[in-house]
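A.B. asks: dropping a prediction and its sequence here:
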Amino acid sequence: MIRFQQVTKIYESANKTVKAVNNITFQVEEGQICVFLGPSGCGKTTLLRMVNRLIPITSGTIEVNGKEIHSLDPIALRRSIGYVIQQTGLFPNMTIEENICVVPNLLGWDRVKMKKRYNELMEMMGLNPDEYRKRYPWELSGGQQQRIGVARALAADPPVMLMDEPFGALDPIIRERIQNEFLRIQKDVKKTILFVSHDLDEAIKLGDTIALFRSGELMQHGTPDEILSQPKNEFVAEFVGSERALKRLSLFTMRDLVSRLNPADRKSAGKRDLRHTVHMDTNLRTALSVLLSSPTGEAAVVDDNGQISGVVSIADFERLTGIHPSERTSAVQ
Amino acid sequence: MEVILFLQDNWREMLQLTWEHLQLVGLAVGVAILTGVPFGIYIAQRESLANLVMAVAGIIMTIPSIALFGIMIPILSLIGQGIGFLPAFLALVLYSQLPIIRNTYIAIKNVNPEMRDAAIGMGMTAWERLTKVEIPLALPVIMAGVRTAVVLTIGIGAIAAYIGAGGLGEYIARGISTSYTTMVQAGALAVSILALAIDFLLGRIQKRLSSQTAKTS
Amino acid sequence: MRGKIAERLIRACLFLVVIAFLGWAFATGAFQFMLDNLDDLLHLLQQHLKLVGLSSLLAVVAAVPIGILVTRPRFKKFDWLAVNAANIGQTVPSLAILALVMTYLGIGYVTAVFALWLYSLLPILRNTIAGIESINPSIIDAGQGMGMTPSQILWKLEIPNALFAILAGIRTSIVINVGTAALAFLIGGGGLGDLIFTGISLNDTGIMLSGALPVTLLAILLDVVLGKMEKWIIPKGLQRHLET
């Protein structure tokens, strides 16, 4: 768990003082991803970098798993927190294996343990350990480099990770894929993650909660559904934009909807000729676009075994009012 | 302080030597610009040739100046010009080629391909593209090469006094051989100040050129 | 196609020039002089190598640590001073430095070593500072964020990543030093400059070339050897810079 209490950062220069982060109090539960969202210069990166003491705090306290960070040695603190940045920060003078083993090395692990950990992490990232072991960062594509960056942060199995726009520099298709992988990995490792982003869609997709900032102030902290359905003030409403109803749909999967379907429709499904189908795990935003392109306004829902388990129509979407996402969308599309 | 007294007594000769020095440097760099810039532009389109030229120029640069002077003398004495202005001039032209060719080559090669594309798209001929787009954009970098060349040749020009080319090195050479310390100091200081002053001046011009291209691009 | 022909032409011309030059040097008796005075030549060569070796070694030992020191946060305020001193010092002609040092320290071996040291210092200092400061800040940020101590950041990140620039500075400095050391004869430092200046003043091509040729070959040889050494020393991950 990470607890921010009245955290403030003031930059003083000769002629003015700037409150980069102003009196921020909230907490992130264990095993959750909290996305720091907001326009550039809103203080989200400053706040993130205060957690591992790369930026000194002006006043307030930050607790990581019950310990106030200023009671700890900064070097030891940083080694216990995973850190991923946008420009990857991979060390060009080291091989991929050496890069991933930086923190284990600093912590003095033995060779066998490091090698084992390297293999484990590479498998987890879907990269062949032996193929990349002796390669150097520049030989890898941007997406691969960023995977290595994430693996490196996970190396010493820290309970907490800080990620500063890690996927920001990737092109949309690669970013989408890495986000999905990242969610899959998070399901297993269950880290407490602070994740800086300026992209609302990314925040909705990845965040268990979203903390929205503006000029150093916390505007709202809540689940993506709360942010989208109950914006606290005008700034939040404007930031999430007029498409928020559509965006909210992407928080739900067909599974959420099917559980509320009419049992009669379920039976009759086999008899109809339905060329338009959607998978159970498809999010509702995508499903809606399938329905809209279907001439009958209906589509069959298919489960993991390819069996048709029901039929949905546009009208069914109305049932959504008042329900909330049953589980995180891991959006297999 | 003896240097100041020395200057009071010898300022005419000093000016004369400075002028000689500047003439030598100016002519050599002038010729190097006239040959090096077109050559740099020419090789900018020919990768493998450029690599060869850079390698050769690099080797020429590693030849110590006094050794190159030494090699020039007997070759030029075949046409009766062994000592004096000509060997010094030729050696300085050779030395100033590298920075000028290299900077021209790099500058032309690095002209933003989009601008080149735009120029082609607007229907410019190769010559128009070169004179209206590529050279103006490359000018600050070429100027930086010229600046390096000038500073380099002022220094080597001082050594040229030993092969009878005159210039401010004359005071250093004469002072050392007659153990006249003040004269050595006067010569060394004068040539150093000359190099620093011209470096500063060309730096200013270079800065102005690059701020102009920054505005237009 | 035209480029290829031009390239071959240039290669052939260069080859001819070198052959012609060596043949001509042979004709003027330079090689004869060298063979006849082999002991003297070797002695002067040894002197020359000593001058270059000692002054360059001292320059590396001084310039690299100073360069590292002024890039530490604590001494950052002296950074501009070191950079400007290095830039101004390199603008001053080598002969002027030698001459000025001589007027204060007198003629002799120590003067020569000191002057060469002073002049060799600057390219190394400048490249060390530039090399460390041009490291992508995200690399240092990542190192700090992962809990590296300042000395680990220096040894594991900054020095390996700046090594390319530092070694290039050392190489440039040594090659220039070979040439400047030829001038050391003028201030009593000895070396191969002895033969060159004697040859010039006696107007004897043989003597002059027997100094000029070894100095030239020494400079080119050192340049090549040091270039190869860069390839061994620089971390493999950074070697793509060398290919260009």
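C.D. replies: That came through, no problem.
A.B. asks: so who does the residue nearest to the spatial centre of chain C touch?
C.D. replies: In chain C, the centroid-proximal residue (CA atoms, centre = their mean) is residue C:174; its distance is 2.0 Å. Residues counted as contacts of residue C:174 (CB atoms under 8 Å, 6 or more residues apart in numbering or on different chains) are C:52, C:56, C:120, C:222, C:226. C-betas here are computed from N, CA, C, even on glycine.
A.B. asks: what kind of secondary structure is it in?
C.D. replies: At residue C:174 the chain is in helix, as set by DSSP: H, G, I helix; E, B strand; the rest coil.
A.B. asks: re earlier: which one among the contacts of residue C:174 gets closest to residue C:114?
C.D. replies: residue C:120 (10.8 Å; CB to CB).
A.B. asks: just to be sure, that closest one is in a strand?
C.D. replies: No: using three-state DSSP, the assignment for residue C:120 is helix, not a strand.
A.B. asks: which non-adjacent residue is nearest it?
C.D. replies: residue C:59 (3.8 Å; CB to CB, 6 or more residues apart in numbering or on different chains).
A.B. asks: which parts of the strand or helix carrying the one you found are buried?
C.D. replies: Applying DSSP states H and E as the criterion places residue C:59 in helix C:38-70. If you call a residue buried by 16 or more other CB atoms under 10 Å in any protein chain shown, then helix C:38-70 has these buried ones: C:41, C:44-45, C:47-52, C:55-56, C:58-60, C:62-64, C:66-68, C:70.
A.B. asks: contacts only, for the residue of chain C found nearest chain A.
C.D. replies: Closest approach between chain C and chain A, counting by CB to the nearest CB: residue C:142, at 2.8 Å. Going by CB under 8 Å, 6+ apart, residue C:142 touches A:83, A:85, A:88, A:89, A:90, A:91.
A.B. asks: contacts only, for whatever residue of the stretch 151-300 of chain A ends up closest to chain B.
C.D. replies: Nearest residue of the stretch 151-300 of chain A to chain B, counting by CB to the nearest CB: residue A:171, 19.7 Å away. By CB under 8 Å, 6+ apart, the contact list for residue A:171 reads residue A:142.
A.B. asks: check what pLDDT it gets.
C.D. replies: Looking at residue A:171, its pLDDT reads 86.
A.B. asks: just residue A:209 next, same as before
C.D. replies: 95.
A.B. asks: identify the bridge partners of it.
C.D. replies: For residue A:209, the beta-bridge partners are residue A:34 (DSSP bridges).
A.B. asks: contacting residues around it?
C.D. replies: A:28, A:32, A:33, A:34, A:35, A:221, A:222, A:223, A:224.
A.B. asks: at 7 Å instead, please
C.D. replies: Shown in contact with residue A:209 (CB atoms under 7 Å, 6 or more residues apart in numbering or on different chains): A:28, A:32, A:34, A:221, A:222, A:223.
A.B. asks: likewise for residue C:100?
C.D. replies: B:185, B:188.
A.B. asks: confirm that it sits in a helix.
C.D. replies: Yes: using three-state DSSP, the secondary structure at residue C:100 is a helix.
A.B. asks: look up how far residue C:188 lies from residue C:108.
C.D. replies: Going from residue C:108 to residue C:188 by CB to CB, to the nearest Å gives 5 Å.
A.B. asks: and what of residue B:158?
C.D. replies: From residue B:158 over to residue C:188 the distance is 19 Å, taken as CB to CB.
A.B. asks: settle it for me: which of these two has more neighbours?
C.D. replies: Set residue B:158 next to residue C:188 and count neighbours by other CB atoms under 10 Å in any protein chain shown: residue B:158 wins out with 32 against 15.
A.B. asks: skipping its backbone neighbours, what lies nearest that one in space?
C.D. replies: Closest to residue B:158 by CB to CB, 6+ apart is residue B:169, at 3.6 Å.
A.B. asks: which residues touch that neighbour?
C.D. replies: Contacts of residue B:169 (CB under 7 Å, 6+ apart): B:157, B:158, B:159, B:160, B:161, B:187, B:191, C:95.
A.B. asks: ok, the third one - contacts?
C.D. replies: By that I understand residue B:159. Residue B:159 makes contact with B:65, B:66, B:169, C:95, C:183 under the criterion CB under 7 Å, 6+ apart.
A.B. asks: wouldn't residue B:103 be in contact with residue B:141 here?
C.D. replies: Yes: if you go by CB atoms under 7 Å, residue B:103 and residue B:141 touch, sitting 5.2 Å apart.
A.B. asks: who's more crowded, the two?
C.D. replies: Under the criterion of other CB under 10 Å, the comparison of residue B:103 against residue B:141 puts residue B:103 first, with 24 against 21.
A.B. asks: which phi and psi does the more buried one have?
C.D. replies: Main-chain torsions, residue B:103, degrees, to the nearest 10: phi -70, psi -40.
A.B. asks: try residue C:136
C.D. replies: phi -50, psi 120.
A.B. asks: other SSEs contacting the biggest helix by length in chain B?
C.D. replies: In chain B, assigned by DSSP state H, the helix with the most residues is helix B:2-44. Counting contacts by 3 or more CB pairs under 7 Å, 6 or more residues apart in numbering or on different chains; DSSP states H and E, helix B:2-44 is packed against helix B:47-62, helix B:85-109, helix B:135-159, helix B:181-216.
A.B. asks: who wins for neighbours among the contacts of residue C:142?
C.D. replies: For these, the largest number of neighbours (other CB under 10 Å) sits with residue A:83, at 30 neighbours.
A.B. asks: residues near the spatially closest residue to it that is not a sequence neighbour, how many?
C.D. replies: Once flanking residues are discounted, residue A:83 sits nearest to residue C:145: 3.6 Å by CB to CB, 6+ apart. Applying other CB under 10 Å, we find 24 residues neighbouring residue C:145.
A.B. asks: residues in chain B within reach of chain C, list them.
C.D. replies: By CB under 7 Å from any CB of the partner chain, the residues of chain B that approach chain C are B:46, B:48-49, B:52, B:56, B:59, B:62-67, B:70-71, B:73-74, B:151, B:154-155, B:158-159, B:162-163, B:169, B:172, B:176, B:181, B:184-185, B:187-188, B:191-192, B:195-196, B:199.
A.B. asks: name the SS class of the residue in the stretch 1-150 of chain A that chain B sits nearest to, please.
C.D. replies: Minimum separation of the stretch 1-150 of chain A from chain B (CB to the nearest CB) falls at residue A:138, amounting to 20.6 Å. Secondary structure for residue A:138, judged by three-state DSSP, is helix.
A.B. asks: do residue A:61 as well
C.D. replies: strand.
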